[in-house]
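Enquirer: Model the structure of this input:
(one chain, ligands or ions: 2)
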Amino acid sequence: MPATDPALLLWNGDLAAELGIGAERPDHPGAGRLWTGTALLEGSVPIALAYAGHQFGQPVPRLGDGRAVVLGQLADRAGQRHDLQLKGSGPTPFSRGGDGRAALGPVLREFVVSEAMHALGIPTTRALAAATTGETIDRQFGPEPGAVLTRVASSHLRFGSFEYFAHRGDTAGLRCLADTAIDWHYPALRSQPAPMRYLALLRAVMERTAALVNEWLRVGFIHGVMNTDNMTLSGETLDYGPCAFMDHFRPDRVYSAVDRAGRYAWNQQPRMAHWNLARLAECLLPLLDEDDNAAVDAAEAVLGEYAHRFAIGHNHMLARKLGLADAEDDPGCSGEAESDLGERLLAFMARHEADFTNTWQLLMKAPPDDCQQILRVREWFDQDDDLDAWMAEYAGRVRALGIDEAARVRHMTAANPAIIPRNHRVEMALEAARGGDLAPIRRLIDALRTPYRSPAGFPELTLPPEPREIVPATFCGT
Ligand code: AMP
Ligand code: MG
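Expert: Ligands and ions are numbered 1, 2, ... in the order given. Below you'll find the predicted structure:
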């Protein structure tokens, strides 16, 4: 759909270079037109994808790209395939009652947060460009500038893509989709014969999904809308609507204004991922066995592995956060004792609503045998007496594993971000951008490129919000 006054606001030069995109750079006179979908990239045949999904537990047989189009796929310098998608470029056959557009705030928000996610080393879609259309669109809190995000994903295949064909009873379509998913995301499975190949696909998606959720938990991320249409076959984080990174820790933290029941709270995410995988498994049943009961048994066996698979990843993740394991799988550390220490620390954090990010930073800077430092940690937890025993056990575990202080700090540095896109910081940057000042958002994006390093120039980015700065709720903005 043509934009009246297209202008490019943000451009991800690093990603463009990886993708080998040159001629459409920001200094190109037609850049604004290209990245709003007003002009088309050469060779592009835009399509809106059909998909279904379970939204907050309810099946919806037809959703689809209501405000997005895939421009096409391109190969990066390493030969890896990527979808290029415009989000907010106008109505499509799937728009239903919507206007097909996106507002500036949510577009910039997805840009900041998805790029931060990538820099944290967590699988995610990326943001290549953000452009304004020159139009004003109506949203919940009044008129907003219209904008378009150019999103890059290894594909836009969702659990909901499978649900679409399953609802229609289209087994041939499902088979084609499953083979495409294998081809694009799990090429090692190509040579397996059917139906084993499809069971292997389910297991592979289950493993990547469990790993992804563990990564979200590691950095205090709450996706907010884990509907099956927002879950990818690739294991990438998709759709940054009302998502948020947590400041003060509460395991049942929810930000999304529409998630009143807390279905997608921080600590519900592992369970909801499993629930979503069960919906995907249901779609795959006709591919697994001609006999319905045998197909159900096979799918249930894979789903039954999820808890164990998740727990192994979770133990290891907590061990890494405590500095007790390497970023790589550490054979010397089973993770169970470490995980128990981690869970107990989380319980202290919850009791004191401690800042999720900074608690780990504080612990990292406190050598467990140094009394002064232990006192600092104690002060952080309001002199909680129970903490002494925990600190002693932690020190004992560090010693037992033969981890010297340099290694402990190295492990913790790799697992614990110094900065995250804190809600209040993101909102401040968006507010400035709405007023025409892009400097704060550029600074934020820049600092978040190296999240495991304290940002020397911007100490404010490490601070939790003051009470008056707290952003308690987030919105889809759709
Ligand atoms: P989301 O909550 O962003 O995952 O979107 C859920 C569904 O609503 C998808 O099918 C979207 O394409 C559709 N949708 C969201 N916003 C709009 C909009 N402004 N116009 C049309 N469809 C939309
Ligand atoms: Mg979505």
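Enquirer: Residue 295: which element?
Expert: Secondary structure assigned from DSSP states H and E places residue 295 in helix 292-304.
Enquirer: Return the set of buried residues in that helix.
Expert: Neighbour counts over helix 292-304 (16 or more other C-beta atoms under 10 Å) mark 295, 298-299, 302-303 as buried. C-beta coordinates here come from the backbone N, C-alpha and C atoms, glycine included.
Enquirer: If we only consider the residues you listed, which is nearest to ligand 2?
Expert: residue 303 (23.5 Å; C-beta to the ion).
Enquirer: Hmm, residue 281 and the closest one touching each other?
Expert: Yes - the criterion here is C-beta atoms under 8 Å, and residue 303 meets it with residue 281 at 5.8 Å.
Enquirer: Max pairwise distance over the buried residues of helix 292-304: which two?
Expert: Using C-beta to C-beta, those span at most 12.5 Å, a distance reached by 295 and 303.
Enquirer: could you dump the buried residues of helix 292-304 to CSV with pLDDT and distance to residue 172?
Expert: As requested, those are exported to CSV (pLDDT from 0 to 100; distance: C-beta to C-beta, whole Å):
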residue, pLDDT, distance to residue 172
295, 98, 17
298, 98, 20
299, 98, 20
302, 98, 23
303, 98, 25
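Enquirer: is it possible to export those residues to TSV including distance to ligand 1?
Expert: Compiled in TSV, the buried residues of helix 292-304 are given as follows (distance: C-beta to the nearest ligand atom, whole Å):
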residue	distance to ligand 1
295	29
298	30
299	26
302	26
303	24
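Enquirer: helix/strand/coil for residue 65?
Expert: Secondary structure, DSSP: H, G, I helix; E, B strand; the rest coil: residue 65 is coil.
Enquirer: I meant to write residue 59 there.
Expert: strand.
Enquirer: What about it, how many residues nearby?
Expert: Using other C-beta atoms under 10 Å, residue 59 is surrounded by 12 other residues.
Enquirer: if we can go back for a sec, which helices and strands does the next helix or strand after the helix holding residue 295 pack with?
Expert: Next in sequence after helix 292-304, counting helices and strands by DSSP H and E, comes helix 306-321. Packing partners of helix 306-321 (3 or more C-beta pairs under 8 Å, 6 or more residues apart in numbering; DSSP states H and E): helix 196-218, helix 269-288, helix 336-351, helix 405-415.
Enquirer: Give me the contacts around helix 306-321.
Expert: 206-207, 210-211, 213-215, 217-218, 270, 274, 277, 325-327, 329-330, 333-336, 338-339, 341-343, 360, 411-412, 414-416 (C-beta atoms under 8 Å, 6 or more residues apart in numbering).
Enquirer: Now, of these, which are buried?
Expert: 206-207, 210-211, 213-215, 217-218, 270, 274, 277, 325-326, 330, 333, 335, 338-339, 341-342, 360, 411-412, 414-416.
Enquirer: list the contacts for residue 67?
Expert: Here residue 67 is in contact with 87-92, 95, 98-102, 478 (criterion: C-beta under 8 Å, 6+ apart).
Enquirer: same thing but 10 Å
Expert: Applying C-beta atoms under 10 Å, 6 or more residues apart in numbering to residue 67 gives the contacts 48, 86-92, 94-95, 98-102, 148, 478.
Enquirer: got the residues of the stretch 151-300 of the chain near ligand 2?
Expert: Taking C-beta under 5 Å from the ion as the contact definition, the stretch 151-300 of the chain meets ligand 2 at 230, 239.
Enquirer: For the stretch 151-300 of the chain, give me the ranges with low pLDDT.
Expert: For the stretch 151-300 of the chain, applying pLDDT under 70 flags no range at all.
Enquirer: Residue of it nearest ligand 2, please.
Expert: Proximity of the stretch 151-300 of the chain to ligand 2 (C-beta to the ion) peaks at residue 239, 4.0 Å away.
Enquirer: okay, now the nearest residue to that residue once chain neighbours are set aside: neighbour count?
Expert: Of all residues not flanking residue 239 in the chain, residue 230 sits nearest, at 4.3 Å (C-beta to C-beta, 6 or more residues apart in numbering). For residue 230, the count of nearby residues is 20 (other C-beta under 10 Å).
Enquirer: so residue 230 sits right up against residue 273, yeah?
Expert: No - Residue 230 lies out of contact with residue 273 (C-beta atoms under 10 Å); the separation is 11.3 Å.
Enquirer: So for the two, which residues contact both of them?
Expert: Joint contacts of residue 230 and residue 273 (C-beta under 10 Å, 6+ apart) are residue 223.
Enquirer: per the record, what domains does this structure have?
Expert: 7-153, 159-304, 312-415 (automatic domain parsing).
Enquirer: can you list the ones you listed in CSV and add distance to residue 437?
Expert: Compiled in CSV, the domains of the chain are given as follows (distance: least, C-beta to C-beta, whole Å):
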stretch, distance to residue 437
domain 7-153, 11
domain 159-304, 22
domain 312-415, 26
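Enquirer: quick one: which of these is nearest residue 457?
Expert: By C-beta to C-beta (comparing all of those), the closest turns out to be domain 7-153, at 16.7 Å.
Enquirer: Enumerate the residues of this protein near ligand 1.
Expert: Proximity of the chain to ligand 1 is confined to 63-67, 94-95, 98-101, 225, 229-230, 239, 241, 476, 478 under the rule C-beta under 6 Å from any ligand atom.
Enquirer: Separate out the buried members of these.
Expert: 63-67, 94-95, 99-101, 225, 229-230, 239, 241, 476, 478.
Enquirer: quick one on the thing from earlier: I'd say the residue of the stretch 151-300 of the chain closest to ligand 2 and residue 102 touch.
Expert: No - applying C-beta under 10 Å, one finds residue 239 not in contact with residue 102, separated by 11.9 Å.
Enquirer: Residue 137: neighbouring residues, count only.
Expert: Counted with other C-beta under 10 Å, residue 137 comes out at 17.
Enquirer: What's opposite it in the beta bridge?
Expert: Beta-bridge pairing for residue 137 (DSSP bridges): residue 144.
Enquirer: re earlier: any chance of the buried residues of helix 292-304 in JSON lines, with distance to residue 385 too?
Expert: What follows is the buried residues of helix 292-304, written out as JSON lines (distance: C-beta to C-beta, whole Å):
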{"residue": "295", "distance to residue 385": "55"}
{"residue": "298", "distance to residue 385": "52"}
{"residue": "299", "distance to residue 385": "49"}
{"residue": "302", "distance to residue 385": "46"}
{"residue": "303", "distance to residue 385": "43"}
